[in-house]
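Enquirer: Sequence and predicted structure are below.
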Amino acid sequence: MSKIKPYKHSDLGKKEQVTQMFDTISGDYDGLNRVISFGIDIKWRKKVVKMVKETNPESILDIATGTGDLAINLAETNANKIVGLDISSGMLEIGKEKVKNKGLGDRIEMILGDSENMPFETNTFDAITVSFGVRNFETLENGLKEIYRVLKPGGTFVILETSIPTKTPYKQGYNIYSKHILPVIGKLFSKDRSAYKYLSESASAFPYGEALNNILRKIGFINVEDFPQTFGVATIYKSVK
């Protein structure tokens, strides 16, 4: 089973470390996301929303919802119930405030929970999304199996995740940015200096493209497709149960 090493040396397991990390950087997270991605992450999320909207879901689960950006964007669909799930209470508190300010409290519910052991019955949701979260699963296959369990038959699963460009010069540029520039930005603007080093390292170690497609197929998903974004620095994966 695929495991990504914890982001720093600690007696805590990866799940606890990731929770602690996101609690610590929650106040900086939205602003840093815009800086790190040059704002392009907004465009990527819009594409995810478009894919989900085309399936006309009534219920949507957004896993690793963080501060709720994608969950809020998903309100553009016709879904009458959107659940945002995250393991970090710090991130969720900010997300809850954003949902309240948008007047979406009647449609979006933010829940504290573990994506690898979710508090939902089997075959609950019409669509499930994960934006920059699957690489933080303690065990990738366990998280994907749990997603498969709570997704309805015929339901759509969409992942937005970082990936590594394969073509020159984008590959070289990405390596320089992720290894040298990203950790510096994190060090300058974040309370947790090691957090953005972890985000860079976890992205480099995470399976992407056909490798992730094959893992999804192994779990049981069908109609698996991937759509590289912005020269391959991120990829959208779409599949069906």
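Expert: Cool, the structure landed.

Enquirer: mind checking pLDDT for residue 54?
Expert: Per-residue pLDDT puts residue 54 at 98.

Enquirer: Can you get me a residue count around it?
Expert: Under the neighbour criterion other CB atoms under 10 Å, residue 54 is assigned a count of 10. All C-beta atoms are positioned from the backbone trio N, CA, C, and that covers glycine.

Enquirer: which residues touch it?
Expert: By CB atoms under 8 Å, 6 or more residues apart in numbering, the contact list for residue 54 is empty.

Enquirer: From residue 156, how far off is it?
Expert: Distance, residue 54 to residue 156, by CB to CB, to the nearest Å: 9 Å.

Enquirer: can you check residue 66 too?
Expert: Using CB to CB, residue 66 is found at 21 Å from residue 156.

Enquirer: pLDDT (mean, whole number) over the longest strand seen in the chain?
Expert: For the chain, the strand with the greatest residue count under DSSP state E is strand 151-162. In this model, strand 151-162 has an average pLDDT of 97.

Enquirer: That one packs against which elements?
Expert: Where contact means 3 or more CB pairs under 8 Å, 6 or more residues apart in numbering; DSSP states H and E, strand 151-162 is packed against helix 40-53, strand 125-131, helix 210-219, strand 234-240.

Enquirer: in the protein, which spans are strands?
Expert: Secondary structure of the chain (DSSP E): strands located at 59-63, 81-86, 108-112, 125-131, 151-162, 222-229, 234-240.

Enquirer: mind giving me CSV with the ones you listed and columns for mean neighbour count and distance to residue 201?
Expert: Converted to CSV, those look like this (neighbours: other CB atoms under 10 Å; distance: least, CB to CB, whole Å):
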stretch, mean neighbour count, distance to residue 201
strand 59-63, 27, 22
strand 81-86, 24, 21
strand 108-112, 18, 26
strand 125-131, 25, 19
strand 151-162, 20, 11
strand 222-229, 15, 21
strand 234-240, 21, 17
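
Enquirer: In a markdown table: these, plus distance to residue 139.
Expert: Formatted as a markdown table, those follow (distance: least, CB to CB, whole Å):
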| stretch | distance to residue 139 |
| --- | --- |
| strand 59-63 | 15 |
| strand 81-86 | 17 |
| strand 108-112 | 20 |
| strand 125-131 | 15 |
| strand 151-162 | 16 |
| strand 222-229 | 20 |
| strand 234-240 | 18 |
